[in-house]
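[1] All I have is the shape, not the residue letters:
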């Protein structure tokens, strides 16, 4: 008997209805288009009779069923490789829907927590009045203004010392604190105002202050990616300022003779001054942005009906999220029903393959029924060929059927 190449079963037939059956034993099975047969068991018996009940013919006939090359009765042929592809696509859609549902559930939980908080604040506000809320708001705004002034002074000084100041022509005093003079230079405003870059130096801090105000809006809309992007841009710019200032501090020391080696860029990462300057701007910027969001929320709460407006907005968001969640659940249920229906195609294939086996065994009984040993051996071989072929074919769609 010829050796069966199981790997070849995963290659769909090209034009022949029995592409995996040797040509010498494919008699009676026409090539080309799909073959229509009235009964699978009768067709199995016929093919067995024309091919001397060889197991290769049984294997090829089952493979033809799998690849949709046989149409039984009025039923359309089903190519299970196409079913597999469709099911993979459906499974991918279900995974994406589950991801969206998980994200929606997080939003819904956050909305519910925020709504409980607002309702609690509304009750407290109605109970104790506006005095304490007003005091907290005033304190927050005073601190916010002071931090805004600090940031403006910091960025103007840092910008001048990083981009305009030239150590070679304007050395720092020997007795001065190089770090503090480089960050907070009392002459920086005067020099900046008279420099060619004065409009940039005196106005660019407002860009970062404006972006800090946006943290409040991004926080309200839970646009965490935009918040992270904004903070990353600020951190990178502050890093550039810190790098330039550290470099110029080092150049001053080099010109004054306190260090002997010339500057190298990698020195910045090993200099504590770099990190002090970086966080002197960035950490205060983050605190200022969070404080902006805090006092704006307090101001909203103090407005007439402020809590009620917030609760109404959350109720609208919750309704939208719940509606979308219901829609996604409906879509997922429809896809899962389709998956269940498609999985029935594999059960149908197994039933048809079993019918082919019964036809082969019927012909084996006809030919060798009077020879018990030969009949039992051939029937067992056909059964094994059937089981191995079905298993090998379905291994390609394991987990889907």
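    Looks like it came in fine. Note that the coordinates shown come from a computational prediction; the quantities given were computed from them, not determined experimentally.
[2] what sits opposite residue 72 in the beta ladder?
    residue 37 (DSSP bridges).
[3] I'd guessed it sits against residue 39; true?
    Yes: Residue 72 lies in contact with residue 39 (C-beta atoms under 8 Å); the separation is 7.2 Å. Just so you know, the C-beta spots here come from the backbone N, C-alpha and C atoms, and that holds for glycine as well.
[4] With neighbour numbers in mind, choose between the two.
    residue 72 (19 against 13; other C-beta atoms under 10 Å).
[5] What segments of this protein are strands?
    Secondary structure of the chain (DSSP state E): strands at 35-37, 70-72.
[6] Break the protein down into its domains, please.
    6-84+327-395, 130-302 (automatic domain parsing).
[7] what about those, which gets the closest to residue 109?
    domain 130-302 (11.8 Å; C-beta to C-beta).
[8] Pretty sure residue 282 sits against residue 234.
    Yes: using C-beta under 8 Å, residue 282 is in contact with residue 234, at 6.3 Å.
[9] How many residues are close by residue 283?
    Neighbours around residue 283, by other C-beta under 10 Å: 11.
[10] gap between it and residue 205?
    Taking C-beta to C-beta, to the nearest Å as the measure, residue 283 and residue 205 are separated by 16 Å.
[11] if we can go back for a sec, now the strands of the chain in CSV, with mean pLDDT and distance to residue 380?
    Formatted as CSV, the strands of the chain follow (pLDDT from 0 to 100; distance: least, C-beta to C-beta, whole Å):
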stretch, mean pLDDT, distance to residue 380
strand 35-37, 82, 26
strand 70-72, 81, 25
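[12] any chance of the ones you listed in a markdown table, plus distance to residue 364?
    Shown next, in a markdown table, are these (distance: least, C-beta to C-beta, whole Å):
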| stretch | distance to residue 364 |
| --- | --- |
| strand 35-37 | 20 |
| strand 70-72 | 21 |
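[13] Pick the most deeply packed of these.
    Most buried of these by mean neighbour count (mean count of other C-beta atoms under 10 Å) is strand 70-72; its value is a mean of 20.
[14] can you list the weak-confidence ranges in this protein?
    1-33, 117-133, 165-189, 220-222, 299-311, 313-314, 396-401 (pLDDT under 70).
[15] same thing but at 90, please
    1-45, 47-352, 356, 361, 363-376, 378-379, 389-401 (pLDDT under 90).
[16] if we compare the strands of the chain, which one ends up closest to residue 371?
    When those are compared (using C-beta to C-beta), the closest one is strand 35-37, at 29.4 Å.
[17] Can you get me a residue count around residue 297?
    18.
[18] For residue 268, give its distance to residue 258.
    Distance from residue 268 to residue 258, counting by C-beta to C-beta: 18 Å.
[19] and if you look at residue 104?
    61 Å.
[20] Please apply the same query to residue 347.
    From residue 347 to residue 258 the distance is 85 Å (C-beta to C-beta).
[21] same thing with residue 68?
    Between residue 68 and residue 258 the computed distance is 84 Å (C-beta to C-beta).
[22] Neighbour count: those two, which is higher?
    Between residue 68 and residue 258, residue 68 has the larger neighbour count (other C-beta under 10 Å), namely 20 against 11.
[23] Number of residues surrounding the closest residue to the more buried one other than its chain neighbours?
    Using C-beta to C-beta, 6 or more residues apart in numbering and skipping residues adjacent in sequence, the residue nearest residue 68 is residue 79, 3.3 Å away. Per other C-beta under 10 Å, the neighbour tally for residue 79 reads 16.
[24] Return the set of buried residues in stretch 338-351.
    Of the residues in stretch 338-351, 339, 342, 345, 346, 349 count as buried by neighbour count, 16 or more other C-beta atoms under 10 Å.
[25] To clarify, my last question referred to stretch 228-248.
    So for stretch 228-248, counting by 16+ other C-beta under 10 Å, buried means 230-231, 234-235, 237-239, 241-248.
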